[in-house]
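> Here's my sequence, what's the structure:
(chains A, B, C and D)
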Number of protein chains: 2
Amino acid sequence: MRDTAARTRDGDAGIRIADGVRAGIISGIHPPGTRIRQEDLAAQYGASRVPVREAIRQLEYEGLVTVVPNAGAWVVRLTLAECEEIYRMRERLEPLLLRYSAPLLAPEDIDELHDLAEQITATGDDTDAFLTLDTAFHLASYAGAHTAQLGDLVGRLWNSTAPYRRAYVSSWSADARRIAHEEHHLMIASLRDGDTAEAERILAGHIRRTRRHLARTPEIFDAAVDQRTP
Amino acid sequence: MRDTAARTRDGDAGIRIADGVRAGIISGIHPPGTRIRQEDLAAQYGASRVPVREAIRQLEYEGLVTVVPNAGAWVVRLTLAECEEIYRMRERLEPLLLRYSAPLLAPEDIDELHDLAEQITATGDDTDAFLTLDTAFHLASYAGAHTAQLGDLVGRLWNSTAPYRRAYVSSWSADARRIAHEEHHLMIASLRDGDTAEAERILAGHIRRTRRHLARTPEIFDAAVDQRTP
DNA sequence: GTACGCCTGATTGCATCCAATCGCAAGCAT
DNA sequence: ATGCTTGCGATTGGATGCAATCAGGCGTAC
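Take a look at the predicted model:
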């Protein structure tokens, strides 16, 4: 019952808890391996444990927390293999999502993508700025898609790897960053041309290259918070 | 407190409810549009409404029920566009899953696939038998994969469309069925050859063809049970 | 000194109970 | 006769309380 939101008992308030915890996980406040206690969250959000349980279940199905019956919940810790699996899924799904989105992007939407790509190029080695803008760029490229499940799924996959992205993006060389920037611009050019198939290929390559780089920095997945993680 | 399972309060019993309802949806007992009341399920499974709520939430995240706050839950009803979207996702994801599985399939596993394919060929126009065996065949082809998320996701996608599969498979011509059988055998041959890439291509084509046929039978998505479905 | 067993504390899982919301229908006014 | 309003019933959302389970620490036996 501390700071957050004062007892809106209208619609459905267990979602607020899930939103808050999700934000905490993505932003790195709750690193992988952190223990999640129901009563703590209940107190923090001024709610009972019932909606907290629902929130934890939701986050479990989003792949952000691990629930062990009669034991508790922890922020998911990924192995390198699991993280690669997520990237392989993204490599196949995001081009499909782009295929849904591309035909419905207006020229001004593509201009906005161009602006974002320019800002990304200008971030230099400010990792936080890069992460924020890169996420915004890709999500904006999917803004045209009206999908029932695919868009949400891609968002969940992004969130799943969010705690690790900071670590390995900061390990990129200047050259690796430059290639990412160029791929962004190539994709924009293909979108402006109306060549969706080529944009799909560039995007798939973009994700694949990131995955391969990831495989070369396995040390990211070793250290962690460890609070009795199963 | 009727027939089902007598109060096992050990581990986690809300999952039992989800399993039961899921089976009912997949098997067609609860057709799309059916209203789901919490108290009914609670009485049916001899539990309180709390685990029922969790079960409904779980099924919502699996894409099997639609929950409207302060209103209730219904078995998901798909539009043709939504069903096509699921097939497009499967078209990209299942070849990836096969890529994980194929190298770990032993020769005897492939023999089993061959047996299943033979049985499928022998079903003639027995739709129920075809559905059961076809599901078994594809799941068996994925048995080698040890994935954290991909396998479960593919299973969920299959389940989502299960209520509609019966209807459109029964509309297949003898020719359409024969093509499916041949694709099964082609895939087996590629797997036995160790040519995973070719098996992937055949599988993608198999799913794509099914999706295209689906688009030609939109009448499946019209009629339904309708119990105040939103 | 080591291993096993018991006991206590903490945490989760479920049942029961109360409050808020929504849908529907009857009644009234126009 | 039709449209709007108001009240009631039904159903969901949330809070509290109790039972069961698991982890860790201590004591005892070998």
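
> Looking at residue A:201 now. What's its pLDDT?
On pLDDT, residue A:201 comes in at 98.

> got it, and residue A:3?
In this model, residue A:3 is scored at 32, pLDDT.

> swap in residue A:132?
Confidence score, pLDDT, at residue A:132: 93.

> One more: residue A:229?
Value for residue A:229, per-residue pLDDT: 44.

> what mean pLDDT would you report for the longest helix along chain A?
The single longest helix within chain A, with elements called by DSSP state H, is helix A:80-101. What helix A:80-101 shows for mean pLDDT is 97.

> what does the very next helix or strand once past that helix contact?
Counting by DSSP states H and E, the next helix or strand C-terminal to helix A:80-101 is helix A:107-121. With contacts defined as CB atoms under 8 Å, 6 or more residues apart in numbering or on different chains, helix A:107-121 is touched by A:130, A:133-134, A:136-137, A:140-141, A:143-144, A:180-181, A:184-185, A:188, A:191-192. (C-beta placed from N, C-alpha, C; glycine too.)

> What about these, which are in helices?
Using DSSP H, the contacts of helix A:107-121 in helices are A:130, A:133-134, A:136-137, A:140-141, A:180-181, A:184-185, A:188, A:191-192.

> Flag every residue of chain A that's near DNA strand D.
Applying CB under 7 Å from any atom of the strand, one finds that chain A approaches DNA strand D through A:7, A:9, A:12-14, A:46-51, A:54, A:70-71, A:228.

> In those residues, find the pair that's most separated.
A:9 and A:228 (34.3 Å; CB to CB).

> Could you list the contact residues of chain A toward DNA strand C?
Residues of chain A lying near DNA strand C (CB under 7 Å from any atom of the strand): A:9-11, A:36-39, A:49-50, A:53, A:67, A:69-73.

> so which of the residues you listed also contact chain B?
A:11, A:50, A:53, A:69-70 (CB under 8 Å from any CB of the partner chain).

> Of those residues, grab the buried ones for ChimeraX.
Selecting only the buried entries of these in ChimeraX, with 16 or more other CB atoms under 10 Å in any protein chain shown as the criterion:
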select /A:53
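
> In helices, which of the ones next to chain B among the residues of chain A next to DNA strand C fall?
Among those, the members falling in helices (DSSP H) are A:50, A:53.

> Rank the ones next to chain B among the residues of chain A next to DNA strand C by pLDDT and give me only the lowest.
residue A:11 (51).

> Which helix or which strand is home to the residue nearest to residue A:62 when sequence neighbours are not counted?
Computed as CB to CB, 6 or more residues apart in numbering or on different chains, the closest residue to residue A:62 that is not its neighbour in sequence is residue A:156, at 5.0 Å. In the assignment (DSSP H and E), residue A:156 maps to helix A:150-169.

> could you say what helices and strands that helix packs with?
helix A:14-27, helix A:80-101, helix A:127-141, helix B:80-101 (3 or more CB pairs under 8 Å, 6 or more residues apart in numbering or on different chains; DSSP states H and E).

> for the ones you listed, which one sits closest to residue A:211?
Nearest of those (CB to CB): helix A:80-101, 3.8 Å.

> and chain A, which of its residues are near chain B?
Near chain B, when you scan chain A using CB under 8 Å from any CB, you find A:11-12, A:50, A:53-54, A:57-58, A:61-63, A:69-70, A:81-82, A:85-86, A:88-89, A:92-93, A:96, A:147-150, A:153.

> What subset of these is buried?
Applying 16+ other CB under 10 Å to the residues of chain A next to chain B flags A:53-54, A:57-58, A:61-63, A:82, A:85-86, A:88-89, A:92-93, A:96, A:147-148, A:150, A:153 as buried.

> OK, now which residue of chain A is nearest to DNA strand D?
With CB to the nearest atom of the strand as the measure, residue A:48 is the residue of chain A nearest to DNA strand D, at 2.8 Å.

> does that residue really touch residue A:42, like I thought?
Yes. With contact defined as CB atoms under 8 Å, residue A:48 counts as touching residue A:42 (5.9 Å).

> These two: which is more packed in?
residue A:42 (19 against 12; other CB atoms under 10 Å in any protein chain shown).

> thinking again about what came up before, got a quick ChimeraX command for the buried subset of the ones in helices among the contacts of helix A:107-121?
Burial among the ones in helices among the contacts of helix A:107-121 is assessed by 16+ other CB under 10 Å; the matching ChimeraX selection reads:
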select /A:130,133,134,137,140,141,180,181,184,185,188,191
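
> Which one of the ones in helices among the contacts of helix A:107-121 is nearest to chain B?
residue A:141 (17.6 Å; CB to the nearest CB).

> Give me the distance between the closest one and residue A:191.
Look at residue A:141 and residue A:191: by CB to CB, to the nearest Å, they are 7 Å apart.

> So for these two, which residues contact both of them?
A:105, A:113.

> what's the first-to-last distance across stretch A:71-87?
30 Å (CA to CA, to the nearest Å).

> Just give me how far that stretch sits from the chain centre.
13 Å (CA atoms, centre = their mean, to the nearest Å).

> measure stretch A:183-202 end to end?
One end of stretch A:183-202 sits 7 Å from the other (CA to CA).

> Just checking the distance from that stretch to the centre of its chain.
Centre to centre, stretch against its chain (CA atoms, centre = their mean), the figure for stretch A:183-202 is 22 Å.

> Kindly report the same for stretch A:22-42.
When distances are taken as CA atoms, centre = their mean, stretch A:22-42 is centred 16 Å away from the chain's centroid.

> how about it: buried residues?
The neighbour-count check on stretch A:22-42 (16+ other CB under 10 Å) flags A:22, A:24-26, A:30-34, A:36, A:38, A:41-42 as buried.

> cool, stretch A:88-104 as well?
For stretch A:88-104, using 16+ other CB under 10 Å, the buried residues are A:88-102.

> burial count for residue A:193?
Neighbours of residue A:193 using other CB under 10 Å come to 10.

> No more questions from me, cheers.
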